[in-house]
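Student: fold the following.
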Amino acid sequence: MTQELLTVGVIGKSLKENENRVAIHPEHIKRIPKRLRMKITFEVGYGLKFGMDDKAIATHTSGRVASREEILNNFDCVLMPKPLAEDLKQVHKGAIVWGWPHCVQQKEITQISIDRKLTLIAWEEMFKWSKSGDKNMHIFYKNNEIAGYAGVNHALSLIGVIGNYGKPRKAAILSFGSVSRGAVYALQGQGATNITVYTRRLPTDVAEQLPGVVFKQMQNDEFGNLLSIEPDGSTRPFSEALSDVQIIVNGTLQDIEHPLMFIPKEKSNILKDGTLIIDISCDEGMGFWCSKPTTFEHPLINADGKFYYAVDHSPSYYWNAASWDISEALLPFLPIVMKGEKAWEKDKTISKAIEIKEGIIQNQKIISFQKREKEYPYKLL
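Tutor: Below you'll find the model as predicted:
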């Protein structure tokens, strides 16, 4: 017996400002097995910015395209990279939404999902898992690299500087995951040569180090103060380590229950005027005294004489390339999601990425971070 597949509607136009990435690159549609493609419908105009018209997309999929309203109302699974609260209000009750909801930090998205009994499969929680239950590779690591790469290039252009020309600038990168790797590529591509990466690990424990980059450790002392560990073993307050830096890039994946604060308000004057803070992580209230997401419309703010950049979807700066890499990462999991709940249970990448299931919270961090009751309907305390 042929297993019944879920219907999938793919949104092409985001309600988020200047968000131009898509989940499936039009050039990848033919890669999808025909049996699955027949159950997939794309939004009207989906491929136009890639040079592919609706007729071409319809021919290779369900035979038609559909309006945004129809996709949100009539399909089992709605595929969209950056769902907003307004999107979820329009999705039919009981729908599956597959994208980056970031619902741990988003009370409104969480509440709508509870009330409308939605299922959220979160891209940010899609990982390869070891047999012992440890997270390995993030499925969308290339998009994270693009976030660092795009954020650095965009932010530097806004203050009119480039590494190869003008006054030499010293850069500090905080953490060394995919985001920070992309940031280093961008800085080196622009000609920057004085780059230091700070991680929680010993420099000798950092794998796949990039040439031309200095690695140092940061750690907390017994009183919780963040310190920089120098090569000779001496320590100094971390804020002092950043006092002579002109470019700071934050690629840290914060523990939202125990966040790091690199520069609190009382230490902000230790930074040079004109210092550029590129906060790719952009977790509001974490990392820096001025931390809050910015937008493509207003990407840069002046914070006490320092420039602060925190566009929270910087890969959209290179939306075509980002869409390609998102699509490459997503396609292997499309058959699993379309086969439904029993298939999800057999796949750790998908099962562990379900943040909310039919209105029931699966990720306990949502409850603790948002200070909700532990039982349905999870009222805010």
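Student: the stretch 101-250 of the chain: strands as residue ranges?
Tutor: Using DSSP state E, counting those that start in this stretch, the strands of the stretch 101-250 of the chain run over 119-122, 127-129, 135-138, 170-174, 194-199, 214-220, 226-229, 235-237, 247-250.
Student: centre of the chain to the second one, how far?
Tutor: Distance of strand 127-129 from its chain centroid, counting by Cα atoms, centre = their mean, to the nearest Å, is 16 Å.
Student: what comes into contact with that strand?
Tutor: Here strand 127-129 makes contact (Cβ atoms under 8 Å, 6 or more residues apart in numbering) with 135, 136, 137, 138, 139, 348, 349, 352, 353. Where you see a C-beta, it was placed from the backbone N, CA and C, and this is true even at glycine.
Student: strands paired with it, and their directions?
Tutor: Sheet pairing of strand 127-129 (DSSP bridges) gives strand 135-138 (antiparallel).
Student: same deal with the first one?
Tutor: Each strand pairing with strand 119-122, determined using DSSP bridges, is listed with its direction: strand 96-99 (parallel), strand 354-357 (antiparallel).
Student: on that earlier part again, out of the strands of the stretch 101-250 of the chain, deepest packed?
Tutor: strand 247-250 (a mean of 27; mean count of other Cβ atoms under 10 Å).
Student: may I have that one exported as CSV, CA atoms only?
Tutor: The C-alpha trace of strand 247-250 is given here as CSV (Å, rounded to 0.1, in the frame of the first residue of the first chain):
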residue,chain,number,x,y,z
ILE,A,247,35.7,45.7,14.9
ILE,A,248,33.9,43.2,17.3
VAL,A,249,31.9,40.3,15.8
ASN,A,250,29.7,38.3,18.1
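Student: now it, how far from the chain's geometric center?
Tutor: With Cα atoms, centre = their mean as the basis, strand 247-250 stands 17 Å off its chain's centre.
Student: now whichever helix or strand comes after that strand: average pLDDT?
Tutor: Downstream of strand 247-250, the next assigned helix or strand under DSSP states H and E is strand 261-263. Strand 261-263 shows a mean pLDDT of 95.
Student: against which helices or strands is strand 261-263 packed?
Tutor: Counting contacts by 3 or more Cβ pairs under 8 Å, 6 or more residues apart in numbering; DSSP states H and E, strand 261-263 packs against helix 238-241, strand 287-288.
Student: which residues touch residue 173?
Tutor: Residue 173 makes contacts with 180, 183, 184, 195, 196, 197, 198, 213, 249, 251, as judged by Cβ under 8 Å, 6+ apart.
Student: looking at those residues, spot the one nearest residue 373.
Tutor: Nearest to residue 373, judged by Cβ to Cβ, of the contacts of residue 173 is residue 251 at 34.4 Å.
Student: touching, the closest one and residue 281? I think so.
Tutor: Yes. Taking Cβ atoms under 8 Å as the definition, residue 251 is a contact partner of residue 281 at 6.3 Å.
Student: identify the contacts common to these two.
Tutor: Contact criterion Cβ under 8 Å, 6+ apart; residues bridging residue 251 and residue 281 by contacting each: residue 179.
Student: tell me the most buried of the helices and strands packed on strand 261-263?
Tutor: The highest average neighbour count among the helices and strands packed on strand 261-263, using mean count of other Cβ under 10 Å, belongs to strand 287-288 at a mean of 25.
Student: so what touches that strand?
Tutor: Counting by Cβ under 8 Å, 6+ apart, 174, 250, 252, 254, 259-263, 277, 279, 281, 303, 308 sit against strand 287-288.
Student: average model confidence for that strand?
Tutor: Per-residue scores along strand 287-288 average to 96.
Student: in its sheet, what does it sit against?
Tutor: Take DSSP bridges as the rule and strand 287-288 pairs in its sheet with strand 261-263 (parallel).
Student: check which helices and strands the host helix or strand of residue 72 is in contact with.
Tutor: Element membership for residue 72, per DSSP H and E: helix 68-74. Judged by 3+ Cβ pairs under 8 Å, 6+ apart, helix 68-74 is in contact with strand 8-10, strand 40-43, helix 85-90.
Student: give the buried residues for whichever helix or strand comes after the shortest one.
Tutor: Beyond strand 8-10 in the direction of the C-terminus, DSSP H and E gives the next helix or strand as helix 34-37. With burial defined by 16 or more other Cβ atoms under 10 Å, the residues of helix 34-37 counted as buried are 36, 37.
Student: just the element for residue 366, please.
Tutor: Element membership of residue 366 [criterion: DSSP H and E] is helix 364-370.
Student: other SSEs contacting that helix?
Tutor: In terms of contacts (3+ Cβ pairs under 8 Å, 6+ apart), helix 364-370 is packed against helix 107-115.
Student: any chance you could map the helices in the stretch 201-350 of the chain?
Tutor: For the stretch 201-350 of the chain, applying DSSP state H, counting those that start in this stretch gives helices covering 238-241, 319-330, 334-338, 341-345, 348-351.
Student: and the ones you listed as a markdown table, adding mean pLDDT and distance to residue 157?
Tutor: Shown next, in a markdown table, are these (pLDDT from 0 to 100; distance: least, Cβ to Cβ, whole Å):
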| stretch | mean pLDDT | distance to residue 157 |
| --- | --- | --- |
| helix 238-241 | 96 | 27 |
| helix 319-330 | 99 | 16 |
| helix 334-338 | 98 | 36 |
| helix 341-345 | 97 | 42 |
| helix 348-351 | 98 | 36 |
